[in-house]
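Asker: okay, here's the prediction I keep looking at, along with the sequence it came from:
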Amino acid sequence: MAGHNLSPWGMFMAADWVVKSVMIGLGAASVATWTIFVAKLLELSSAKRRAASSLYLLDGASGLGEATARLTDPRDPAAFLLRAVGEEMELSSDLPADGVKERAASRLERIEAAVARRSARGTGVLASIGATAPFVGLFGTVWGIMNSFIGIAESHTTNLAVVAPGIAEALLATAIGLVAAIPAVLVYNALTRVIGGYRAQVGDAAAAVLRLLSRDLDRRAAAAAKPRLRVAE
């Protein structure tokens, strides 16, 4: 046993090729976890700042035209919401105003769903890593211990010192699996909360756009009613 390097790196280098492959795969999964975490955190932080700013502008606008003039960032989901409502108003210009809000709400609902899917992109990998990494590490451990017991049978000895290094190398695979899985679960839960907050902001922006649409439709109805009032007088 004294001749064996029992440092993590030494155990990795001395491990069976199957166990070594498991360790490399788990290490790659851990790197993927932190890469996704940093990328999504930067992406969602920027998106939440834009959403908060656009919601402030929408709340201060008196109509769709003013809101469209204020929101100039093409990456802002609120700009897509305003564009969709504007297109619906153009397509429904010769139709009664009663169904415009319903059709516009349908468009906004689909945009919200698309934004939600886009914001959650990549988090499924974290869920998969968190669910499977411990079992992958356990497979490496079982394989390594199996080889250690085979070594006991071939050497015809019950001396634990002969097989202890192999068992330690196998157990390292489970440890790496836990190191990969635990952060993946924590990061997934954290990102899920951030995504939920962002989706709520987009929902608030959609509600604000619908309020502006309703305001513009009421103005249009009031403007159309004035000539009729004059004729009746």
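Answerer: That came through, no problem.
Asker: helices or strands up against the longest helix along the chain?
Answerer: When the chain is scanned for its longest helix (criterion: DSSP state H), the result is helix 160-232. The contact analysis (3 or more Cβ pairs under 8 Å, 6 or more residues apart in numbering; DSSP states H and E) places helix 160-232 against helix 8-14, helix 17-60, helix 64-70, helix 77-91, helix 100-119, helix 123-155. Glycine gets a C-beta too; all of them are placed from N, C-alpha and C.
Asker: just want the most central residue of this structure.
Answerer: The residue lying closest to the centre of the chain (Cα atoms, centre = their mean) is A120, at 2.7 Å.
Asker: need the contact list for that one.
Answerer: Each residue near A120 by Cβ atoms under 8 Å, 6 or more residues apart in numbering is listed here: I195.
Asker: okay, it: pLDDT?
Answerer: Listed pLDDT for A120 reads 89.
Asker: and for G144?
Answerer: For G144, pLDDT reads 82.
Asker: identify the residues contacting L71.
Answerer: L71 sits next to S54, L57, L58, A78, A79, L82 when contact means Cβ under 8 Å, 6+ apart.
Asker: any idea how far the closest residue to the fourth one other than its chain neighbours is from I24?
Answerer: The shortest distance from A78 to any residue other than its chain neighbours is 3.8 Å, reached at S54 (Cβ to Cβ, 6 or more residues apart in numbering). S54 is 44 Å from I24, where distance means Cβ to Cβ, to the nearest Å.
Asker: the more surrounded of the two?
Answerer: Using other Cβ atoms under 10 Å, the more surrounded residue of S54 and I24 is S54, with 26 against 12.
Asker: sounds good, over and out.
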